[in-house]
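> Just a sequence and a predicted model for now, questions to come.
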Amino acid sequence: PVKGKFVMGDWNADTQRTPGLFKNGFFWYTNDIGPAATWSNVWIGPFGAHAVVAGRFSAGAANDCIGVIDKEFDSPDDGFPLFYTCELGAINPPGGILEHWLNVELPGPGK
């Protein structure tokens, strides 16, 4: 019973989806099923994490990636940056945390 944001994903490309938890900037995940599961973690960052998402964000990664979607307030347009990594083998991903800007411009005179 840990408070955080849970997602399911295939973290090691074995086609078996297992749980993951985002809390306090860390993503904790396991590739095991059962009460004796071994958990690993990776640092994503202390983003507001309005949503935690898992999926194939990179064509070069065989495993699911983990990301957090944050609300961007510093931009003249509303947008939602996705901060993610597909490198789950180290606490600090060697390639760093990647970013993808998610935004939709709506028609009309106001924001």
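Arrived safely.
> what sits up against stretch 84-94?
Here stretch 84-94 makes contact (Cβ atoms under 8 Å, 6 or more residues apart in numbering) with 11-12, 29, 40-44, 53, 57-58, 60-61, 63-68, 95-100. In this view, the C-beta of every residue, glycine as well, is placed from N, C-alpha and C.
> List only those of the residues you listed flagged as buried.
For the contacts of stretch 84-94, a neighbour count by 16 or more other Cβ atoms under 10 Å gives the buried set as 11-12, 29, 40-42, 44, 53, 57-58, 63-68, 97-98.
> So which of the residues you listed belong to strands?
Filtering the buried ones among the contacts of stretch 84-94 for membership in strands, criterion DSSP state E, returns 29, 40, 41, 42, 53, 65, 66, 67, 68, 98.
> The first one reaches residue 23, doesn't it?
No - using Cβ atoms under 8 Å, residue 29 makes no contact with residue 23, being 11.8 Å away.
> partners of the closest residue to residue 96 other than its chain neighbours in the sheet?
Nearest residue to residue 96, sequence neighbours excluded (Cβ to Cβ, 6 or more residues apart in numbering): residue 85, at 7.8 Å. For residue 85, the residues forming beta bridges with it (DSSP bridges) are residue 66.
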